[in-house]
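S.K.: 3D model of this:
(one chain, ligands or ions: 3)
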Amino acid sequence: MAEIGRSIVKMDVDELLNLLNKALADEWLAYYQYWIGAKVVKGPMKDAVIGELDLHATEELTHAQLLVTRIIQLGGTPILTPAEWLNMTNCGYDAPTDPYVEEVLNQNIKGEQCAIRTYSSLMDITREGDPVTYDIILRIITDEVEHEEDLVALKEDLDLMLARRR
Ligand code: FE
Ligand code: FE
Ligand code: MG
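M.R.: Ligands and ions are numbered 1, 2, ... in the order given. Reported below is the predicted structural model:
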């Protein structure tokens with residue numbers, strides 16, 4: 001464990017590790033929700049939506065990687081079993097049981113909005129006490145804000161296209 005690296009953290013490290021593990025659970029669920037959504041989604045603009053969902057899946061996995069690296073740096077144990085994803089998640093998991101594009105987009109927009117709120121509160125908690133974690137969370141939340149915007153823009157295009165057809 002990086003002892004000096006850990007010693008500069010001026011907050012409760014165990015509490016921080018728990019929050020980072022909760023975020024890690026969210027990222028794996030977000031990854032799978034995007035990945036499986038890209039497989040089953042149906043309807044207009046399907047190809048554009050699949051491209052975005054697949055890209056976001058990859059980016060959620062990168063977030064999981066960033067979180068695990070920090071958890072280990074802080075001497076913590078990353079969650080080791082998928083059963084913990086559902087126990088520890090902040091944002092839950094929405095199965096794409098209705099594969100229609102608009103429904104899948106809505107589910108993922110909801111997920112991104114929850115992620116943005118979760119990371120925003122993590123930034124508030126770490127800003128003073130752990131600037132290294134703060135910097136990692138800032139990088140992640142920057143992607144989540146972009147994800148929300150990408151999905152909302154796709155939904156707007158979908159609405160416009162459907163309106164023109166009427
Ligand atoms: Fe993410
Ligand atoms: Fe995201
Ligand atoms: Mg994107």
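S.K.: the longest helix seen in the chain packs against which elements?
M.R.: Counting residues, the longest helix found in the chain (DSSP state H) is helix 131-165. Judged by 3 or more C-beta pairs under 8 Å, 6 or more residues apart in numbering; DSSP states H and E, helix 131-165 is in contact with helix 46-73, helix 101-126. From N, CA and C alone the C-beta is placed, and that goes for glycine too.
S.K.: list the buried ones in it?
M.R.: Buried residues in helix 131-165, defined by neighbour count with 16 or more other C-beta atoms under 10 Å: 133-134, 136-137, 140-141, 143-144, 147-148, 150-151, 154-155, 158.
S.K.: hey, C-alpha coordinates of the worst-scoring helix or strand of the chain on mean pLDDT in CSV?
M.R.: In the chain, no helix or strand scores lower on mean pLDDT, DSSP states H and E than helix 3-7, which sits at a mean of 88. Provided in CSV are the C-alpha atoms of helix 3-7 (Å, rounded to 0.1, in the frame of the first residue of the first chain):
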residue,chain,number,x,y,z
GLU,A,3,1.6,4.7,2.8
ILE,A,4,2.5,8.3,2.3
GLY,A,5,0.1,8.6,-0.6
ARG,A,6,-2.6,7.4,1.8
SER,A,7,-1.4,9.5,4.7
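S.K.: buried sites along the helix or strand hosting L24?
M.R.: Per DSSP states H and E, L24 falls inside helix 13-40. Across helix 13-40, burial judged by 16+ other C-beta under 10 Å covers 13, 16-17, 19-35, 37-38.
S.K.: quick check: the residue of this structure nearest ligand 2.
M.R.: Per C-beta to the ion, H147 is where the chain lies closest to ligand 2, at 3.7 Å.
S.K.: from A64, how far off is that residue?
M.R.: For H147, the distance to A64 equals 14 Å [C-beta to C-beta, to the nearest Å].
S.K.: rewinding a little: so the longest helix of the chain versus helix 101-126, what angle?
M.R.: Interaxial angle, helix 131-165 versus helix 101-126 (axes from the mean of the first three to the mean of the last three C-alpha atoms, to 10 degrees): 160 degrees.
S.K.: now do the contacts for the residue nearest to S120 when sequence neighbours are not counted.
M.R.: Leaving aside its chain neighbours, S120 sits nearest to I141 (6.7 Å; criterion: C-beta to C-beta, 6 or more residues apart in numbering). Counting by C-beta atoms under 8 Å, 6 or more residues apart in numbering, I141 touches 115-116, 119-120, 123.
S.K.: alright, that wraps it up for me.
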